[in-house]
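A.B. asks: Pasting the sequence and the predicted model now:
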Amino acid sequence: MKKLLSLFVVALTGLTQTGAQTTAQWPEVNHEAKPASRWWIMGSAFDETSVNNRMAEYAAAGLGTMELTPIYGVQGNDKNELGFLSNAWMDALRYTQDAAAKNGMRIDMNTGTGWPFGGPSVTIDEAAGKLEYVSGTITGDGAAEQTMSIALTSSNKPKLNRVMAYPQKGNDGQPTDVTQYLSGNTLKWVAPAGKWLVIAIYNSHTMQQVKRAAPGGVGYVMDHLDSTAVANYLKVIENAFEKSGVPYPKTFFNDSYEVYNADWTPKMFEEFEKYRGYKLEDNMDKLLALGDRKDTDGVVRADYRETLNDMLLNNFTRQWTAWAHKHGAKTRNQAHGSPGNLIDIYAAVDIPEIEGFGLTDFGIKGLRTDPKFTRANYSDLSTLKYASSAAHVTGKPLTSSETFTWLTEHFRTSLSQMKPDMDLMFTCGVNNMYFHGICYSPKNDPWPGWRFYA
C-alpha cells in the first residue's frame, strides 16, 4: 500500500511539474490574440481629443485592433466632417494611429469608404460594367444593301463594342464582324445570301454607387474586372499616403463582394481570348441563347463564367494584394459573393475572412430570442469554411470573421446570444475575431452616442 501511495505522489509531482512548464510556455498575447472590431467613422468626423479618449476605452476593454471604415455623416454635423483622403483626413489618420500605438493597439483600414471600392476618382469608363445588346435578323442576297437599326434605349451610358452577324439555319457562312458597316445607329451591309442574326454588343454600366459612402467617397463602384481601373483607383489612395507621409496601415480590408449585376468589362473579348484561346465575339449568340446556333454542351457559358473568375482573381484580388505588399501592408478579404472560385480568391489574400448572417443557436435550450428582433441564421457551414480551408491549404496563419452581424437589433443583443455566434466562428476555423461593429462617437456626445444602422 505504501509503495502504491509513493507511486501516486511521484505521478502527481510529475503532473504538477508538467503543468508548471505548460504555464511558463504560454505564448505572448499579441494583436491577433485580442478581438478586433469594425470601426464606423460617421462622416469621418473624428477629432484628436475624442480619438485619444475612445482608444483608451477600447484598449481597457481588451480590443487589439480597430478597422477604420468611413461612412456617411451624422445629420447636422456637416461642419465637422472631413473629406476622405484630404489633408485633414490624413492628419486624422496619423493621430489615430498614434493614439492606437500609445494604447498597445493597431489601426486597420478599409481601402475606401463604405463598400464596394469606388468613389469620385472612378470615371464612367472605369465603373462597374454590364452587357447590353440589340439583336435582329436580316436576309441577304449578296447584292442588295440590307439595313438594321442598332439604337439602344438605355440610361446606363453604354458604348458600342462590336456588331456581329451570325449565320442561321441553312446558311453555311461564318460569324462576321460587321461593325465597319455602321452609319450612325444604322447598319448598312451587303449581306451574303441567307438569314443572319445581327447582335450589337454594348459596354454598358451598372451605375452602382458606393454604398454608405463617406464625404469625399461618393461615386461609382469601380470595375473590379479591369486591371487598369483597379490600378487607377489604388493610385489615388497611394498618392494620399505618399504626399502626407502617413504610415500605411498594417492591414487593408475589402468587404463582401456586392458589385451588383456587373457581368461585363470593355476588355472582355481580349481577356476571354487570352484565357480561353478562342473568340467570344464569334459566339455571343450562343452565350445569349439567341438564334439557331445553340450552346448545347454549355461550353461557351462555362468558359465565360470561368473568365469572370480569372479577371476578378488576377485583375483585382491579386493586384490589390500586390499593391498592399509593396507598401508593407497585408490584405484581409471577404470573397463571398464573388463570381468565381471562392477558395482561389480567398487564397489570394493574406487573411481570408468569413461573415456571420444571423443568430446562431445550436439548439440551445432556453436561449433568448426576441420575436420581430431576431434574425434567422443564414450562415452555411460549408461556405463559412471556405476561408479557413484556403488559409490552411496555402499556409496562411490567420482566418478572420465579421462576427455578430445582424444577431438582433441595437441594444437588444445579450452576451448569451453572442457566445454561440463566436463558437460557430471558432468551429469554422477562425482564429482572428473582428466584431461587427463599433460606431465612433465624440467624447461629449450623450448616450447612446452615434449609431450606424448595421
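C.D. replies: Received, thanks.
A.B. asks: Show me where the stretch 1-150 of the chain has its helices.
C.D. replies: Assigned by DSSP state H, counting those that start in this stretch, the helices in the stretch 1-150 of the chain fall at 2-24, 48-60, 87-102.
A.B. asks: Pick out the shakiest of those, pLDDT-wise.
C.D. replies: Note on these: helix 2-24 shows the lowest mean pLDDT, a mean of 44.
A.B. asks: Surely residue 308 is in contact with residue 263?
C.D. replies: Yes. Using Cβ atoms under 8 Å, residue 308 is in contact with residue 263, at 7.4 Å. For the C-beta atoms, the positions are set from N, CA and C on the backbone; glycine is no exception.
A.B. asks: These two: which has the busier surroundings?
C.D. replies: residue 308 (22 against 17; other Cβ atoms under 10 Å).
A.B. asks: quick one: contacts for the more buried one?
C.D. replies: 225, 263, 339, 340 (Cβ atoms under 8 Å, 6 or more residues apart in numbering).
A.B. asks: same thing but 10 Å
C.D. replies: With contacts defined as Cβ atoms under 10 Å, 6 or more residues apart in numbering, residue 308 is in contact with 224, 225, 262, 263, 264, 265, 268, 271, 272, 338, 339, 340.
A.B. asks: which one of these sits closest to residue 168?
C.D. replies: Ranked by distance to residue 168 (Cβ to Cβ), those are led by residue 272 at 23.4 Å.
A.B. asks: Which secondary structure state is assigned to the closest one?
C.D. replies: helix (DSSP: H, G, I helix; E, B strand; the rest coil).
A.B. asks: how many neighbours does it have?
C.D. replies: Counted with other Cβ under 10 Å, the neighbours of residue 272 add up to 24.
A.B. asks: same check, this time on residue 211
C.D. replies: 16.
A.B. asks: Check the one 10 residues further on too.
C.D. replies: Neighbourhood size, residue 221 [other Cβ under 10 Å]: 27.
A.B. asks: picking that back up, which residues do residue 308 and residue 263 both contact?
C.D. replies: Joint contacts of residue 308 and residue 263 (Cβ under 10 Å, 6+ apart) are 225, 339.
A.B. asks: can you put the contacts of residue 308 in a markdown table and add secondary structure, distance to residue 33 and pLDDT?
C.D. replies: A markdown table is the format used below for the contacts of residue 308 (DSSP: H, G, I helix; E, B strand; the rest coil; distance: Cβ to Cβ, whole Å; pLDDT from 0 to 100):
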| residue | secondary structure | distance to residue 33 | pLDDT |
| --- | --- | --- | --- |
| 224 | coil | 33 | 98 |
| 225 | coil | 37 | 98 |
| 262 | coil | 38 | 97 |
| 263 | coil | 42 | 97 |
| 264 | strand | 44 | 98 |
| 265 | coil | 41 | 98 |
| 268 | helix | 45 | 98 |
| 271 | helix | 42 | 98 |
| 272 | helix | 46 | 98 |
| 338 | coil | 29 | 95 |
| 339 | coil | 35 | 95 |
| 340 | coil | 32 | 94 |
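A.B. asks: what's the closest of those to residue 412?
C.D. replies: For those, the nearest to residue 412 is residue 338 (32.3 Å; Cβ to Cβ).
A.B. asks: list the contacts for the closest one?
C.D. replies: 224, 256-259, 308-309, 312-313, 316-317, 344-346.
A.B. asks: thought residue 144 was touching residue 191?
C.D. replies: Yes. Between residue 144 and residue 191 there is a contact under Cβ atoms under 10 Å: 8.7 Å.
A.B. asks: where exactly do the helices run in the stretch 251-400 of the chain?
C.D. replies: So, for the stretch 251-400 of the chain - with DSSP H, counting those that start in this stretch - the helices run 268-276, 284-287, 299-311, 319-326, 342-347, 381-394.
A.B. asks: Out of the ones you listed, which gets the lowest mean score?
C.D. replies: helix 381-394 (a mean of 93).
A.B. asks: Now do it: distance to the chain's middle.
C.D. replies: 17 Å (Cα atoms, centre = their mean, to the nearest Å).
A.B. asks: Can you list the buried residues in that helix?
C.D. replies: 384, 385, 386, 387, 388, 389, 390, 391 (16 or more other Cβ atoms under 10 Å).
A.B. asks: Same question for stretch 135-144.
C.D. replies: 135, 138, 140.
A.B. asks: Start and end of that stretch, how far apart?
C.D. replies: One end of stretch 135-144 sits 21 Å from the other (Cα to Cα, to the nearest Å).
A.B. asks: what's in contact with it?
C.D. replies: 146-150, 164-166, 168, 171, 173, 187, 189-201, 284-285, 288, 290-291.
A.B. asks: confidence score at residue 379?
C.D. replies: 77.
A.B. asks: And the pLDDT at the closest residue to it other than its chain neighbours?
C.D. replies: Spatial nearest neighbour of residue 379, excluding adjacent residues (Cβ to Cβ, 6 or more residues apart in numbering): residue 357 at 4.8 Å. Looking at residue 357, its pLDDT reads 84.
A.B. asks: In strands, which of the buried residues of stretch 135-144 appear?
C.D. replies: 135, 138, 140 (DSSP state E).
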